[in-house]
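J.: Task: produce atomic coordinates for the following.
(one chain, ligands or ions: 2)
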Amino acid sequence: MQTKILLKVNGREVPAMPGARLLDILKNAGYFIPTLCDHPGLLPLGGCRLCMVEVWEKRRNFLVASCLYPVEKPIEVLTESPRVQAARRYLLTLLLARHPQVKAVTDLATRYGVRANARLETEPEECVLCLRCVRACAIVGTNAIGTAWRGREKKVGPPFDEPPEACVGCGACAAVCPTGAIKVEETAEWRRIWGRDFALVRCERCGEAFATEEQLRWAARELPGSILEEKLCPRCRRGTEAALIGRAFGPGGPC
Ligand code: SF4
Ligand code: FES
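T.: Ligands and ions are numbered 1, 2, ... in the order given. Here you go, the predicted model:
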């Protein structure tokens, strides 16, 4: 078994497994670390830099993006030192100027005492370019959205801003977006996302619309064996599986 190492965080000892991500160690120990681009289901990107903390190692100190920092040896960490707070306030000043209506940004700005700076104001944008959506789409394997342009013009979306052919309408991008920038419209019959309409499939048992045709085709292709003969929503599917397990392990079943 691997031996734990001891970190000193804001003067308190915190045990951690070698190789664990500093951000996870700090969050699990109860420290508040602001993040925008991090998501537990996605590979870390290190894009927003809000998770920076101060690390002391052999009398040297530096700021690190804790979401990208694996801890290999005992270190001292300061999560709210003056240097850390100054860096976060600087980043939040820029974010607030560009995204004054985004709750994830305004909440953090309030927490760190950052006020809007009229000289920096630009056209308000809902997207903070955390690229969670692009990474989620890459995990699904469809890569229907990506980034275009650079610098201040940079944005995320489908190629040429057209309804993306590769999209399966799963909505994973919208589910991981921290700002609500990705609009999903849904009725009982269809879902609209990135300017494309997807017909919804109803559960053959309870009648609830639960997936798009394209999503089910994707699952049949990418997750062989995951689709039952019947088209069932997750709830009815769980019920069927529970009944099968109950039959197999219940009275008279294998045990
Ligand atoms: S649309 Fe949402 S998830 Fe995608 S980059 Fe913008 S803020 Fe992040
Ligand atoms: S959460 Fe670490 S850089 Fe965004």
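J.: Would you mark the buried spots in the strand or helix carrying Arg221?
T.: Taking DSSP states H and E as the criterion, Arg221 maps to helix 213-222. Across helix 213-222, burial judged by 16 or more other C-beta atoms under 10 Å covers 214-216, 218. For the C-beta atoms, the positions are set from N, CA and C on the backbone; glycine is no exception.
J.: tell me which element Glu185 falls in.
T.: Element membership for Glu185, per DSSP H and E: strand 184-186.
J.: Paired strands for whichever helix or strand comes after that strand, with orientation please.
T.: Next helix or strand after strand 184-186 toward the C-terminus (DSSP H and E): strand 190-193. With DSSP bridges as the test, strand 190-193 is paired with strand 184-186 (antiparallel), strand 196-202 (antiparallel).
J.: List the contacts of strand 190-193.
T.: 167, 169, 171, 173-174, 182-186, 197-200, 212 (C-beta atoms under 8 Å, 6 or more residues apart in numbering).
J.: which among the residues you listed gets closest to ligand 1?
T.: Using C-beta to the nearest ligand atom, Ile182 is the member of the contacts of strand 190-193 that lies nearest ligand 1, at 5.0 Å.
J.: got a list of what Thr122 touches?
T.: When contacts are counted by C-beta under 8 Å, 6+ apart, Thr122 touches 97-98, 152.
J.: The residue of the stretch 151-255 of the chain found nearest ligand 1: neighbour count?
T.: Going by C-beta to the nearest ligand atom, ligand 1 is nearest to Cys177 of the stretch 151-255 of the chain, at 3.2 Å. The tally of other residues near Cys177 (other C-beta atoms under 10 Å) stands at 23.
J.: which stretches of this structure form helices?
T.: Taking DSSP state H, the helices of the chain run over residues 22-28, 82-98, 103-111, 132-140, 172-176, 213-222, 234-249.
J.: Output the fourth one as PDB, restricted to C-alpha atoms.
T.: Taking C-alpha atoms only, helix 132-140 is exported to PDB below (Å, rounded to 0.1, in the frame of the first residue of the first chain):
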ATOM      1  CA  ARG A 132     -15.700  22.400 -20.700                       C
ATOM      2  CA  CYS A 133     -18.200  21.900 -23.600                       C
ATOM      3  CA  VAL A 134     -15.500  21.200 -26.200                       C
ATOM      4  CA  ARG A 135     -13.900  18.700 -23.800                       C
ATOM      5  CA  ALA A 136     -17.200  17.000 -23.100                       C
ATOM      6  CA  CYS A 137     -17.900  16.700 -26.800                       C
ATOM      7  CA  ALA A 138     -14.500  15.200 -27.400                       C
ATOM      8  CA  ILE A 139     -15.100  12.500 -24.700                       C
ATOM      9  CA  VAL A 140     -18.400  11.600 -26.400                       C
END
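J.: by how many degrees do it and helix 213-222 diverge?
T.: If you take axes from the mean of the first three to the mean of the last three C-alpha atoms, to 10 degrees, helix 132-140 sits at 50 degrees to helix 213-222.
J.: now check helix 132-140, is it near ligand 1?
T.: Yes. Residues of helix 132-140 contacting ligand 1 under C-beta under 6 Å from any ligand atom: 132-133.
J.: Give me the residues contacting that helix.
T.: In contact with helix 132-140 (C-beta under 8 Å, 6+ apart) are residues 37, 39, 41-43, 45, 143-147, 156, 168, 170, 172-178, 182, 218.
J.: which of those residues count as buried?
T.: Counted by 16+ other C-beta under 10 Å, the contacts of helix 132-140 give 37, 39, 42, 45, 144-145, 156, 168, 170, 172-174, 176-178, 182, 218 as buried.
J.: check those residues against ligand 2, which are close?
T.: The residues of these that also fall near ligand 2, by C-beta under 6 Å from any ligand atom, are Cys37.
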